[in-house]
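Build me a structure from this.
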Amino acid sequence: MCHCLLCQKRTGSTYSVHAYFPTEKVRVEGTTKVYARKGDSGAYVYFHFCPECGSTIYWEVEASPGKTGVPIGVFADPTFPPPNVSIFVPHKHPWVSVPEGSLRTKDTVRPSRLLRLLRLRAEVNQQAIPLKQRTS
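Have a look, this model is predicted:
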C-alpha cells in the first residue's frame, strides 16, 4: 500500500495497492500509453495505462530496474493476498486500515531493502514469512 500524495492523486483514492514482480515474469498484451512523473524519491516512474479506458496496467520505477509494479485491481481477483507493506504512512488518511502485521514505513522502500526487512522481521518473530511471487 502506498499512501503518498502522488499515488492518492493518480488513483483518485486514498492509497494505491499494488504488487511488484520480476519484469521478465510480466507479460503485457495490447498497446499502452505512458505517463512519466518524478516520484517522491526523485526517480522517474513510468505508468502504462489502457488507451481505451484509462486504467493503469503497470509501471516501472527508474530506481528499481527489473521490477514491474502492477495494481492489484488489474487482476480482478478478490482472493489476491492482502498487502504486507504500507509506505508513506504519515500521509495515510486516519480512517484507512492497514492489514495487521504489515510492515509500515514513513517513506519508500526499495524492493531489495524490503525483502531484507521482511526476512529480518521473520527472524525476530521466529516465524517464516512466505515470499511467494504470483504469476498470471
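
confidence score at the residue nearest in space to the middle of the chain?
The residue lying closest to the centre of the chain (Cα atoms, centre = their mean) is residue 18, at 3.6 Å. pLDDT for residue 18: 90.

Test my guess that it contacts residue 70.
Yes: between residue 18 and residue 70 a contact is recorded at 6.1 Å, counting by Cβ atoms under 8 Å. Every residue, glycine included, has its C-beta placed from N, CA and C.

how about stretch 60-72: buried residues?
By 16 or more other Cβ atoms under 10 Å, the buried positions in stretch 60-72 come out as 60-61, 64, 67-72.

now stretch 79-97, how far from the centre of its chain.
10 Å (Cα atoms, centre = their mean, to the nearest Å).

Which parts of the protein are helices?
Assigned by DSSP state H, the helices in the chain fall at 5-11, 111-125.

Least reliable of the ones you listed by average pLDDT, please.
helix 111-125 (a mean of 52).

What is the neighbour count of residue 28?
Using other Cβ atoms under 10 Å, residue 28 is surrounded by 11 other residues.

In terms of model confidence, name the weakest of the buried residues of stretch 60-72.
residue 64 (84).

which phi and psi does it have?
With angles defined as degrees, to the nearest 10, residue 64 sits at phi -130, psi 70.

Distance of it relative to residue 92?
Distance of residue 64 to residue 92, computed by Cβ to Cβ, to the nearest Å: 22 Å.

next one: residue 74
Residue 74 is 23 Å from residue 92, by Cβ to Cβ.

What is the neighbour count of residue 45?
Neighbour tally, residue 45, other Cβ under 10 Å: 21.

ok, now how distant is it from residue 22?
18 Å.

can you pull the buried residues of stretch 96-108?
Buried residues in stretch 96-108 (16+ other Cβ under 10 Å): 98, 102-103, 105, 108.
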